[in-house]
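Asker: What follows is a predicted structure for the sequence shown.
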Number of protein chains: 2
Amino acid sequence: MTMKDNVAAAKAALSHLDIEEKDVAIKAASRDFFWYSPVLKARLDHVTADFVVRPRSEAEVIEILKTCFAHDCPVTTRGAGTGNYGQAMPLEGGCVMHLRHMDKVKEIHPGRVITEPGVLLKDLDAATKKHSGQELRMFSSTWATATIGGFIAGGSGGVGSCTWGSLRDLGNIIRLRVVTMEAEPRILEFRGDELARVSHAYGTNGIITELEMPLAPAYDWTEMFVATDDFMDAVRFAEDLANQDGILMKLGTVFEAPIAHEYFQRVKPYVQPGTNMIGLMIAPHSMDGFLTFLGRRPEARLIYRSDDNDWERGPGPVFEYGWNHTTLRALKVDPSITYLQVRYGFPNHKALIEKMQAKFSPEILQHLEVLRESGKVMFAGLTLVKFTTEERLDEIIRAHEEAGAMIFNPHRYTLEEGGRQTVDDRQLRFKREADPKGLLNPGKMISWDDPDWSYDRMYAYPKLQPAE
Amino acid sequence: MTMKDNVAAAKAALSHLDIEEKDVAIKAASRDFFWYSPVLKARLDHVTADFVVRPRSEAEVIEILKTCFAHDCPVTTRGAGTGNYGQAMPLEGGCVMHLRHMDKVKEIHPGRVITEPGVLLKDLDAATKKHSGQELRMFSSTWATATIGGFIAGGSGGVGSCTWGSLRDLGNIIRLRVVTMEAEPRILEFRGDELARVSHAYGTNGIITELEMPLAPAYDWTEMFVATDDFMDAVRFAEDLANQDGILMKLGTVFEAPIAHEYFQRVKPYVQPGTNMIGLMIAPHSMDGFLTFLGRRPEARLIYRSDDNDWERGPGPVFEYGWNHTTLRALKVDPSITYLQVRYGFPNHKALIEKMQAKFSPEILQHLEVLRESGKVMFAGLTLVKFTTEERLDEIIRAHEEAGAMIFNPHRYTLEEGGRQTVDDRQLRFKREADPKGLLNPGKMISWDDPDWSYDRMYAYPKLQPAE
């Protein structure tokens, strides 16, 4: 592929920085986990950056943005690229800015940490735990490989959200420091309501160079699997446990049968095809309370606990079975599997889940995550779907929406379609200020490209790189 | 008052221990804060122990119980005596066992502490904070003077219950070590469901000699007062804030006007008679989130924050305005004030509160505490009542119950009447094992004294000391 002159000029002007030259590495740095979706895979598989640059400091970020601005070169920013919506993919080519070098943990205080964006969640937790027995309130199931910056720019919640709610909730991000894409990039600090301008914006309207995040105490969480024969028993178990105010939990995941048996290789010897399962992380000092709760539920059997078991091969971290790792594990066994993201809101969550399960199982299998929203325990569904056609997938989505379950479509690469299908005015207004030429992660914000878009079909970015 | 022979014999047999000899000190050690209730004051004011003994160890507790058992001498156990239901008062005289010397904090671990019962809540928090930045999940507003043993034996929740629920909730007590009152006292360890046998049992069926309690991180909580003109605005503010999953709070108290103006001397200069007020404790790293929340509520004004204010005389700890300190402050200004304990359960809590307020204000004034119950934010009412007659008080209580608000009557000295007005079978059954002669804190468990009691009127313990 020939590089356009302006992009080549930007690359040349940045040649004193850490630039990746190998084609295979450039290709790798241009991809995220978009391939969870057959819809995105069909459309984005060929996408690649013209060049990849890895700044070592905020000053270098500024230099890159300033230079690319001058040359009208698109910039798509990424961390580890573990997102699932193509959010880190350079649809138009140009520059991918990889923040892996910016991994310094700057300050740790009681209840908060100040960090650069490129540090892995795992390494950040290790630093805060070592410093003062603290850890992030929540993290994605890609904890071992994902960065904090990518989590904030592309994620919405995760392990810990059963207690703390979602990243967008007040208090779950304290401060973001952001560099704009202008002739003279500005450095801005956002708190409170202003955080919504740039969190979960895929780097479309500014680049996060520093984050201040709240911390919770780090415990040696007891990780468990609990089995039930009846699916709704598993749902009730997870919900009722999460409603125990005195039992501190970090994860509550429900897997409809036969997910555990079919897709979890190391769990398989301990379950039947008909086994429904609950994955849990409970604080060790809450284990007495948990076991008391469990004892009141004869329908539930504890089949694994991380601190006391005789499994020949341990399953590894239980959270690596939850959130989007469920999809990943299923995909590895059955490549036809994809997924949905569903919100089963309080107070109708259980009735909705039961209805969808009855209607679609086993074409779709319920995978639920306990989530707190506005103080109430409800469920997020990361439903497994046996994919047949895009038409059938859309039909399933429509059936959920008609029943009252909100869908965050993971088969779309724009912020709007993956969100509430409406323009986020705060993000759009800020993009006008911070990225006047529209060079940051182009193609991800419909309202910027096409303010009158009607959402009657999947958006296709007109300047998407053509497949060769 | 002449001591009965058996009591005198018990005292003599224990004379090598730390025994209080001064009448005035014996009288003081025989009282708690029962006088918050005019009903209890009229009935218990004369109650006094025959002697007071202060064991220094579990071995001495065992010796005291064994000796008193041999001599049929009643034993009423107390910590600081800050309870409000006469629970630490020796209705029949006999021995008061005061646990003040048993104040050793034994072990501190991540998320839990093992301690003797006689340590002050304040000193326990100081020890765990110094050791590893931890503190109790919840404490009574008498934190500065009350003991952990008294809190567990006589309390139900307090500051922190807005996040962690009540003491009876699974996980909020880990383990209790208990000595029985038998010829040969046994030492028992209780966890899980067994905890309900002795927690909140007023020492009627065993003496707690060691506690294992969960800990939470200790933060330098920002304490605040927020003012509103409309009462229900204050209720909604407190509830909605508590439903913010990402904002960590330890206290949410609502004071109907004119409580703040009439009864809070140091607050008075900053409020009007018509000012409704909310008392708050928010984690410092949640303050940005809190201020964002506040900014969305033009009806609410921040009038005090502990870390930034120009008040000439600071109000002291904000939690010392909440829970039963509200009643205490009101009583000091107006001796005719007493209170109720009301449960406004989810989801009808706000409608009930509004109804009671409309019906009874200003004869009764709403004082509400945000409380979590089964995962839902609701309110406990420690309603201020301008006392006129016992009949009127009963009428007010009945009106609450008829409307659907549960009353825990603080004008009764028995476990049943102050609770759900039913026998707690677990406590009764355990008393048969642990206190076969019924010598522990006699008169506090109706179901022991009179299994067929009908609850149609206030229970009067037949062996209550006669007033002289």
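Answerer: Thanks, I have it.
Asker: Count the residues that sit near A:H200.
Answerer: A count of neighbours around A:H200, defined by other Cβ atoms under 10 Å in any protein chain shown, yields 22. The C-beta positions use only the backbone N, C-alpha and C, and glycine is treated the same way.
Asker: what does the stretch 1-150 of chain A put close to chain B?
Answerer: The stretch 1-150 of chain A has residues A:H109, A:P110, A:G111, A:R112, A:S132, A:G133, A:Q134, A:R137 near chain B, with proximity defined as Cβ under 8 Å from any Cβ of the partner chain.
Asker: Against chain B, how distant is the nearest residue to A:V318 once chain neighbours are set aside?
Answerer: Beyond its immediate neighbours in the sequence, the residue positioned closest to A:V318 (Cβ to Cβ, 6 or more residues apart in numbering or on different chains) is A:E223, lying 3.8 Å away. Taking Cβ to the nearest Cβ, to the nearest Å as the measure, A:E223 and chain B are separated by 16 Å.
Asker: Correct me if wrong: A:E223 contacts A:P284.
Answerer: No - A:E223 is beyond contact range of A:P284, at 10.8 Å (criterion: Cβ atoms under 8 Å).
Asker: Same drill for the two, tell me which one is more crowded.
Answerer: A:E223 (23 against 17).
Asker: Run through the bridge partners of the more buried one.
Answerer: Beta-bridge partners of A:E223, counted by DSSP bridges, are A:M281.
Asker: how about the strands in the stretch 51-200 of chain A?
Answerer: Remark: strands of the stretch 51-200 of chain A, listed N- to C-terminal, are A:51-53, A:75-78, A:95-98, A:105-109, A:112-115, A:134-136, A:175-179, A:187-191; assignment by DSSP state E, counting those that start in this stretch.
Asker: The stretch 201-350 of chain A too?
Answerer: Here the stretch 201-350 of chain A has its strands, by DSSP E, counting those that start in this stretch, at A:207-217, A:222-228, A:249-255, A:276-282, A:300-305, A:337-339, A:342-344.
Asker: Mind putting the ones you listed into TSV with distance to B:E369 and mean pLDDT?
Answerer: Output for these, formatted as TSV (distance: least, Cβ to Cβ, whole Å; pLDDT from 0 to 100):
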stretch	distance to B:E369	mean pLDDT
strand A:207-217	24	98
strand A:222-228	32	98
strand A:249-255	25	98
strand A:276-282	28	98
strand A:300-305	34	98
strand A:337-339	43	96
strand A:342-344	31	97
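Asker: Would you mind finding the most buried of the strands of the stretch 51-200 of chain A?
Answerer: With neighbours taken as mean count of other Cβ atoms under 10 Å in any protein chain shown, the strands of the stretch 51-200 of chain A reach their highest mean count in strand A:75-78, at a mean of 29.
Asker: where's A:Y344 relative to chain B, distance?
Answerer: Relative to chain B, and taking Cβ to the nearest Cβ, A:Y344 is found at 16 Å.
Asker: In space, what's closest to that residue - neighbours in sequence excluded?
Answerer: Looking at A:Y344 with Cβ to Cβ, 6+ apart, the closest residue is A:F379, at 4.4 Å.
Asker: That neighbour reaches A:Q341, doesn't it?
Answerer: No - A:F379 is beyond contact range of A:Q341, at 11.5 Å (criterion: Cβ under 8 Å).
Asker: neighbour count winner among those two?
Answerer: Each of A:F379 and A:Q341 had its neighbours counted (other Cβ under 10 Å), and the higher figure belongs to A:F379 (30 against 19).
Asker: Now for that one: which residues touch it?
Answerer: A:F379 sits next to A:V235, A:A238, A:E239, A:V254, A:Y344, A:H349, A:I353, A:L368, A:E369, A:V370, A:L371 when contact means Cβ atoms under 8 Å, 6 or more residues apart in numbering or on different chains.
Asker: Separate out the buried members of the residues you listed.
Answerer: Burial of the contacts of A:F379 was assessed by neighbour count (16 or more other Cβ atoms under 10 Å in any protein chain shown); the buried members are A:V235, A:A238, A:E239, A:V254, A:Y344, A:H349, A:I353, A:L368, A:E369, A:V370, A:L371.
Asker: Looking at the residues you listed, spot the one nearest chain B.
Answerer: The nearest member of the buried ones among the contacts of A:F379 to chain B, counting by Cβ to the nearest Cβ, is A:E239 at 8.5 Å.
Asker: so where does the residue nearest to A:Y344 fall, helix or strand?
Answerer: Secondary structure here is read from DSSP states H and E; on that basis A:F379 sits in strand A:376-381.
Asker: Outside of the helix or strand just after that strand itself, list whatever touches it.
Answerer: Helices and strands here follow DSSP H and E; after strand A:376-381, the next one along the chain is strand A:384-386. For strand A:384-386, the surrounding residues in contact (Cβ under 8 Å, 6+ apart) are A:259, A:326-327, A:330, A:334, A:336-340, A:362-365, A:367, A:393, A:396.
Asker: can you do 7 Å?
Answerer: When contacts are defined by Cβ atoms under 7 Å, 6 or more residues apart in numbering or on different chains, strand A:384-386 is touched by residues A:259, A:326-327, A:330, A:336-340, A:363-365, A:367, A:393, A:396.
Asker: For A:S306, state which of the residues you listed is nearest.
Answerer: Taking Cβ to Cβ as the measure, A:T326 is the one of the contacts of strand A:384-386 closest to A:S306, at 18.3 Å.
Asker: A:K332: neighbour count?
Answerer: Other residues near A:K332 number 11, with proximity taken as other Cβ under 10 Å.
Asker: Excluding covalently adjacent residues, which one is nearest to it?
Answerer: Using Cβ to Cβ, 6+ apart and skipping the chain neighbours, the partner closest in space to A:K332 is A:Y263 (7.8 Å).
Asker: Could you report the neighbour count for that neighbour?
Answerer: When neighbours are counted by other Cβ under 10 Å, A:Y263 comes out with 24.
Asker: could you list every residue that touches it?
Answerer: For A:Y263, the contact set (Cβ under 7 Å, 6+ apart) comprises A:R329, A:A330, A:V333.
Asker: what about 8 Å?
Answerer: Taking Cβ under 8 Å, 6+ apart as the criterion, A:Y263 is in contact with A:T326, A:R329, A:A330, A:K332, A:V333, A:D334.
Asker: now swap in A:N243 and tell me
Answerer: If a contact means Cβ under 8 Å, 6+ apart, then A:N243 has A:V377, B:S374, B:G375, B:K376 as its contacts.
Asker: swap the cut-off to 6 Å and go again
Answerer: If a contact means Cβ atoms under 6 Å, 6 or more residues apart in numbering or on different chains, then A:N243 has A:V377, B:S374, B:G375 as its contacts.
Asker: Compare those and tell me which has the most neighbours.
Answerer: The residue in those with the most neighbours, by other Cβ under 10 Å, is A:V377 (22 neighbours).
Asker: hang on, that one packs against A:A242?
Answerer: Yes - with contact defined as Cβ atoms under 6 Å, A:V377 counts as touching A:A242 (4.5 Å).
Asker: contacting residues for the closest residue to A:D220 other than its chain neighbours?
Answerer: The spatially closest residue to A:D220, leaving aside those adjacent along the chain, is A:P284, at 5.6 Å (Cβ to Cβ, 6+ apart). Residues counted as contacts of A:P284 (Cβ under 6 Å, 6+ apart) are A:Y219, A:D220, A:T222.
Asker: Quick check: phi and psi on A:G316?
Answerer: With angles defined as degrees, to the nearest 10, A:G316 sits at phi 80, psi -170.
Asker: Excluding chain neighbours, what is closest to it?
Answerer: Per Cβ to Cβ, 6+ apart, closest to A:G316 is A:R266, 7.5 Å.
Asker: Pull out the buried positions in the helix or strand containing A:A9.
Answerer: For A:A9, the enclosing helix or strand under DSSP H and E is helix A:5-13. The neighbour-count criterion (16+ other Cβ under 10 Å) identifies A:V7, A:A9, A:A10, A:K11, A:A13 as the buried residues of helix A:5-13.
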